[in-house]
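**Student:** Generate coordinates for the sequence data below:
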Amino acid sequence: SYTIAKTLEQVSVQNAQFFNLADVESTLLIKQPADQIDIPQKFNITAVIELPFGRGRHFASQVPKALDYIIGGWGLDMNITYMKGWAIAYPNADQVTPGSARLDNPTIARWFNTDLWNDASGKRVAAMEPYTLRRCPLRFSDVRLPGYQNWDASVSKTFPIYERMNLQFKFEAVNALNYPWFTGIASVDVTNAQFGRLNPVQNNLPRFLKLGLVLRW
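**Tutor:** Model prediction:
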């Protein structure tokens, strides 16, 4: 499956002062990418494959039973997912230089273009003062966290024992490529030394392997 989507939310006010207590329905809500559910693109493959070798299969269907224990009963399962990352909260200050903060090749140390918040001398601007009306958005529209990439795979071998009874051995690899998924920014506070840095805390399972033996009857 391949999905292209856009999910917006309209549930927040840009400034607390914009909330109209006398007429709640007239409150101006800001429209922005929905938090953690706006996924522009997602690709997924799920496959269950029985290899066509051995007794009763397309190839070598008449082999002796002893040889069938070796070449027959093999199966492959896989689940592959790729998807774009979530939108990031916008910093607590207006940009000095207009334009997109998205970088073509972001790094952990600099996930978006923080230079847009520097003045002419290269000094970082100050954060908005408390009770100051916010003019900038609450969330980026085009700067996103790293995308999710995951491969789960397994190899199984089934040994027939008697009529409906069989023994299955399975070797499984979860996150087989050991790809880490980082889902946070260290800080979007322009006064913080970690401003614009990706938080390298893995939010998915690391690769791990499983061995299983199942008796079915």
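
**Student:** tell me the SS of I161?
**Tutor:** strand (DSSP: H, G, I helix; E, B strand; the rest coil).

**Student:** ok, how many other residues are close to it?
**Tutor:** 12 (other Cβ atoms under 10 Å). All C-beta spots, glycine's among them, are computed from the backbone N, C-alpha and C.

**Student:** and the next element down the chain from the lowest-mean-pLDDT helix or strand in the chain?
**Tutor:** When the helices and strands of the chain are scored by mean pLDDT, DSSP states H and E, helix 65-71 comes last with a mean of 82. Proceeding N to C from helix 65-71, the next assigned helix or strand is strand 74-83, under DSSP states H and E.

**Student:** Other residues contacting that following strand?
**Tutor:** For strand 74-83, contacts defined as Cβ atoms under 8 Å, 6 or more residues apart in numbering pick out 39, 41-51, 53-54, 147-158.

**Student:** Nearest residue to the spatially most central residue of the chain in space, ignoring adjacent ones along the chain?
**Tutor:** What sits nearest the mean C-alpha location of the chain, by Cα atoms, centre = their mean, is Y148, with 2.7 Å. Excluding the flanking residues, the one nearest Y148 by Cβ to Cβ, 6 or more residues apart in numbering is M83, at 4.8 Å.

**Student:** and the one you found, how many residues sit next to it?
**Tutor:** Number of residues near M83 (other Cβ under 10 Å) recorded here: 17.

**Student:** A109 too?
**Tutor:** Neighbours around A109, by other Cβ under 10 Å: 11.

**Student:** Now do the same contact list for it.
**Tutor:** 197-198.

**Student:** any idea of the pLDDT on it?
**Tutor:** A109 carries a pLDDT score of 95 in this model.

**Student:** Check the gap between L133 and Q14 for me.
**Tutor:** L133 sits 8 Å away from Q14, going by Cβ to Cβ, to the nearest Å.

**Student:** So for those two, which sits in the more crowded spot?
**Tutor:** Taking neighbours as other Cβ under 10 Å, L133 and Q14 compare with Q14 leading, 16 against 10.

**Student:** residues contacting the residue lying closest to V190 once chain neighbours are set aside?
**Tutor:** Setting aside the residues directly before and after it, V190 is nearest to A93 in space (Cβ to Cβ, 6+ apart), at 4.6 Å. A93 makes contact with 117, 125-128, 136, 190, according to Cβ under 8 Å, 6+ apart.

**Student:** Check these and tell me the two furthest apart.
**Tutor:** A126 and C136 (13.6 Å; Cβ to Cβ).

**Student:** ok, the nearest residue to C136 once chain neighbours are set aside - how many residues close by?
**Tutor:** Closest residue in space to C136, ignoring its immediate chain neighbours: D94 at 5.0 Å, by Cβ to Cβ, 6+ apart. Using other Cβ under 10 Å, D94 is surrounded by 15 other residues.
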